[in-house]
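Asker: fold the following for me, if possible:
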Amino acid sequence: MPVELTGKVALITGGSNGIGAAAARRLAAAGVRVVVADVDVDQGKVVADEVGGVFVRCDVTQPQDSADAVALAVREFGRLDIAFLNAGIGTGCSLGEDFDVEVYRRAQAINLDGVVYGAHYALPALRATGGQIIATASMAGLMPMPGDPVYGANKAAVVGLVRALGGAYDDVRVNALCPAFADTNIITPLRSTLEDIGMPILPVSAVVDAFMSIVEGSGTGEAWFVQSGRVSEPFGFRNPPGPRAADGSRVEAARKDPISIALKES
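Answerer: Predicted coordinates for the structure are as follows:
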């Protein structure tokens, strides 16, 4: 049964181009009111005007910008239902001789801190509406990415964050979108290499199809892969080995969240 999205409100970081802009168009077509958040003011305003939404300049590395973006969404439209934390960059550096501390810090600030800040400031508004967070991670967060280990580490952290938050709230769904190489600006330095080795490049529309499956779904704490030639679905993580009691029996509390249990009991 189709999910009714008319009248809902979405905030999209990195919304001026690529996946963010395409998601803004798809949501707007479904009746969602959209707040486009980005550092690219000119292009961000173009997208916002195109979808009948509003634009807010938002540098996701700055906590106050995320707070202001959420406040604007609530002020303009009275609510927030979807926080699509999508802003991200590649690095192109390894941990070898080409390692650059500033590149590393900037990538982490955008790819990971931006999701943390966005989620933190969006949660109160989303809990009021029973809304959801979708964070753009990557296949690099699910498998090794030797060519850009910093990016892979950032995206793996986003996946871990989403999985943890998915079990932390009963009133907000939290999921990750994990595309492979998609036809966006982030692959510009890699495009010729990808084409030479025959690596498929995903159309952005395929990524947004998966995004909409998450929006219209009911799961939480999931990491949806988007891979060429595959039907997108949540990645099936194996259960890690849990602790055993002295007699070799399972410790049942470990199946839940032992840290949260311990904190509540302390």
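Asker: which SS state does the residue most central in space within the chain fall under?
Answerer: In the chain, the residue lying closest to the centroid (C-alpha atoms, centre = their mean) is Ala135, at 1.2 Å. The three-state label given to Ala135 by DSSP: H, G, I helix; E, B strand; the rest coil is strand.
Asker: pull the contacting residues for it.
Answerer: Leu85, Asn86, Val115, Gly118, Ala119, Val158, Leu161, Val162, Val174, Asn175, Ala176, Leu177 (C-beta atoms under 8 Å, 6 or more residues apart in numbering). Where you see a C-beta, it was placed from the backbone N, CA and C, and this is true even at glycine.
Asker: mind listing which of those are in helices?
Answerer: Among the contacts of Ala135, DSSP state H puts Val115, Gly118, Ala119, Val158, Leu161, Val162 in helices.
Asker: what's the pLDDT at the nearest residue to the last one once chain neighbours are set aside?
Answerer: Distance criterion C-beta to C-beta, 6 or more residues apart in numbering; nearest residue to Val162, sequence neighbours excluded, is Ala176 at 4.2 Å. Turning to Ala176, the model gives it a pLDDT of 98.
Asker: wouldn't Gly242 be in contact with Val251 here?
Answerer: Yes: judged on C-beta atoms under 8 Å, Gly242 makes contact with Val251 at a distance of 6.5 Å.
Asker: leaving out the residues flanking it, which one is nearest to Val251?
Answerer: Per C-beta to C-beta, 6+ apart, closest to Val251 is Pro243, 4.8 Å.
Asker: and that neighbour, how many neighbours?
Answerer: 9 (other C-beta atoms under 10 Å).
Asker: low-confidence ranges, the protein, go.
Answerer: Applying pLDDT under 70 to the chain flags residues 1-2, 253-266.
Asker: how about the strands in it?
Answerer: Listed in chain order, the strands of the chain (DSSP state E) span 9-13, 33-38, 54-57, 82-85, 132-136, 173-179, 223-226, 233-234.
Asker: ok, Thr184 to Val208 distance?
Answerer: Distance of Thr184 to Val208, computed by C-beta to C-beta, to the nearest Å: 11 Å.
Asker: which residues do the two both contact?
Answerer: Residues touching both Thr184 and Val208 (C-beta under 8 Å, 6+ apart): Ile19.
Asker: so for the two, which sits in the more crowded spot?
Answerer: Val208 (24 against 20).
Asker: ok, the more buried one - contacts?
Answerer: Ile19, Ala22, Ala23, Arg26 are the contacts of Val208 under C-beta under 8 Å, 6+ apart.
Asker: nearest to Pro203 among those residues?
Answerer: Ala22 (9.5 Å; C-beta to C-beta).
Asker: can you show me the helices along the stretch 101-250 of the chain?
Answerer: 101-108, 114-129, 149-166, 191-196, 204-215 (DSSP state H, counting those that start in this stretch).
Asker: will you turn these into a markdown table that also has distance to Met139?
Answerer: Output for those, formatted as a markdown table (distance: least, C-beta to C-beta, whole Å):
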| stretch | distance to Met139 |
| --- | --- |
| helix 101-108 | 17 |
| helix 114-129 | 17 |
| helix 149-166 | 8 |
| helix 191-196 | 13 |
| helix 204-215 | 11 |
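Asker: is it correct that Arg26 is in contact with Met212?
Answerer: Yes: taking C-beta under 8 Å as the definition, Arg26 is a contact partner of Met212 at 6.1 Å.
Asker: quick one: which of these two has more around it?
Answerer: Arg26 (19 against 16).
Asker: skipping its backbone neighbours, what lies nearest the more buried one in space?
Answerer: Excluding its sequence neighbours, the residue lying closest to Arg26 (C-beta to C-beta, 6+ apart) is Val208, at 5.2 Å.
Asker: and Glu222, by the same measure?
Answerer: Glu222's closest residue in space is Pro234 (C-beta to C-beta, 6+ apart), at 3.9 Å.
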